[in-house]
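**Student:** all I have is the shape, not the residue letters:
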């Protein structure tokens, strides 16, 4: 059964939703594309310039309809709405952007913690989520990895990479724990960030700072391990990408992380709660000593190689060549 597919995409440079929706757009080739322009309300690109909006990469989407968006209660343009409603079904990630679109057949691809109660025809969840039991029935659909982005062999020894999270999510990625460890000169580190980050570790002589780049894959160059002591679990495109580059991933053992990826689980203790759009979630705090012990163990070349191979195997199993037939079958349902 052939269906016409619409898609709502993001194009703001460096954002996770932009990477996710562009990946689906490239591989699903929708008939209608609507780009969200949220520059009026999303001004956190630079901590030194509160008015700095994220630039849009509109050249990715030739012929697309661009619709300004000013928040969850604001409508999209009539042109965008009419185009999406002309399709049999449309795909959107995290939100419909306009409440009126909930009456049209749609696929809502959402991180469980960000589900806001929207009505959709199909629900795709990026990961499973044990603490949340109020989700509509749906399918587990990750963001697949482009086959050409999966390296052929493990990278071997290198730096330990950490990607600091968005300020809007607090310290979700456990950056405070990692930067404290960076003062220890036993390891060589690379610190990257998703926002303009005021972080100048002058005492960290073995730390390389990496900023946003047109080539987001470059942050994984010369790295062997991803250090990711996340405070709560769920989808992480950085973990997907690190595995595609063959990095061993050290990540908090909070669900659903160990069930989702072949990580090296770092022990945690309870660390309070965080309020998300879908309710209150427990936070976890990685045990610093255990975290460091794992990095010491990974200095053994055979141990490091074993975990890097596991990462690459996961990436190949979750590539677009493996997932595209399954996703097309879901759309046709």
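**Tutor:** Good, I have the coordinates. Here the structure is a predicted model, which means the values were calculated and not measured. Residues are numbered from 1 along each chain as shown.

**Student:** now do the same contact list for the residue nearest in space to the middle of the chain.
**Tutor:** In the chain, the residue lying closest to the centroid (Cα atoms, centre = their mean) is residue 237, at 3.1 Å. Listed by Cβ atoms under 8 Å, 6 or more residues apart in numbering, the contact partners of residue 237 are 16, 19-20, 143. Glycine gets a C-beta too; all of them are placed from N, C-alpha and C.

**Student:** what do you get for residue 304?
**Tutor:** 156-157, 224-225, 248, 298.

**Student:** so it sits in a strand?
**Tutor:** No - looking at residue 304 with DSSP: H, G, I helix; E, B strand; the rest coil, it is helix, so not inside a strand.

**Student:** so which of the contacts of residue 304 wins on neighbours?
**Tutor:** Neighbour counts for these, by other Cβ atoms under 10 Å, peak at residue 248, which reaches 29 neighbours.

**Student:** wait, isn't that one in contact with residue 309?
**Tutor:** No - Residue 248 lies out of contact with residue 309 (Cβ atoms under 8 Å); the separation is 9.3 Å.

**Student:** adding secondary structure and distance to residue 55, write the contacts of residue 237 out as TSV.
**Tutor:** Output for those, formatted as TSV (DSSP: H, G, I helix; E, B strand; the rest coil; distance: Cβ to Cβ, whole Å):
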residue	secondary structure	distance to residue 55
16	helix	16
19	helix	15
20	helix	18
143	coil	22
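
**Student:** from residue 163, how far out is the residue nearest to the centre of the chain?
**Tutor:** For residue 237, the distance to residue 163 equals 10 Å [Cβ to Cβ, to the nearest Å].

**Student:** past the helix or strand of the chain with the lowest mean pLDDT, which element shows up next along the chain?
**Tutor:** In the chain, no helix or strand scores lower on mean pLDDT, DSSP states H and E than strand 207-210, which sits at a mean of 64. Using DSSP states H and E, the next helix or strand after strand 207-210 towards the C-terminus is strand 223-228.

**Student:** return the list of strands paired to that next one, each annotated with direction.
**Tutor:** strand 159-164 (parallel), strand 248-252 (parallel) (DSSP bridges).

**Student:** how far does the helix or strand that the first one is followed by sit from the chain's center?
**Tutor:** Which is strand 159-164. The element immediately downstream of strand 159-164 (helix or strand, assigned by DSSP H and E) is helix 175-182. Averaged C-alpha coordinates place helix 175-182 at 21 Å from its chain's average position (Cα atoms, centre = their mean, to the nearest Å).

**Student:** mind checking what helix or strand follows helix 175-182 in sequence?
**Tutor:** Heading C-terminal from helix 175-182 (DSSP H and E), you reach strand 189-193.

**Student:** I'd guessed residue 25 sits against residue 31; true?
**Tutor:** No - in this structure, residue 25 is not within contact of residue 31 by Cβ under 8 Å, at 11.5 Å.

**Student:** mind putting the contacts of residue 304 into a markdown table with distance to residue 275 and pLDDT?
**Tutor:** Listed next are the contacts of residue 304 as a markdown table, based on distance: Cβ to Cβ, whole Å; pLDDT from 0 to 100:
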| residue | distance to residue 275 | pLDDT |
| --- | --- | --- |
| 156 | 42 | 96 |
| 157 | 41 | 96 |
| 224 | 36 | 98 |
| 225 | 32 | 98 |
| 248 | 33 | 98 |
| 298 | 35 | 97 |
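
**Student:** excluding sequence neighbours, find me the nearest residue to residue 151.
**Tutor:** Leaving aside its chain neighbours, residue 151 sits nearest to residue 246 (5.2 Å; criterion: Cβ to Cβ, 6 or more residues apart in numbering).

**Student:** SS state for the one you found?
**Tutor:** coil.

**Student:** residues near it, how many?
**Tutor:** 25.

**Student:** kindly provide the distance from it to residue 270.
**Tutor:** Counting by Cβ to Cβ, the gap from residue 246 to residue 270 is 33 Å.

**Student:** which regions of the stretch 51-200 of the chain sit below the pLDDT cut-off?
**Tutor:** 51-54, 129-133, 165-170, 185, 194-200 (pLDDT under 70).

**Student:** what about the strands in it?
**Tutor:** 65-68, 89-93, 106-110, 122-125, 139-140, 159-164, 189-193 (DSSP state E, counting those that start in this stretch).

**Student:** residue 123 is nearest to which of the strands paired with strand 223-228?
**Tutor:** strand 248-252 (25.4 Å; Cβ to Cβ).

**Student:** next, the angle helix 175-182 makes with the closest one.
**Tutor:** 120 degrees (axes from the mean of the first three to the mean of the last three Cα atoms, to 10 degrees).

**Student:** next SSE after strand 248-252?
**Tutor:** Assignment by DSSP H and E places the next element after strand 248-252 at helix 257-260.
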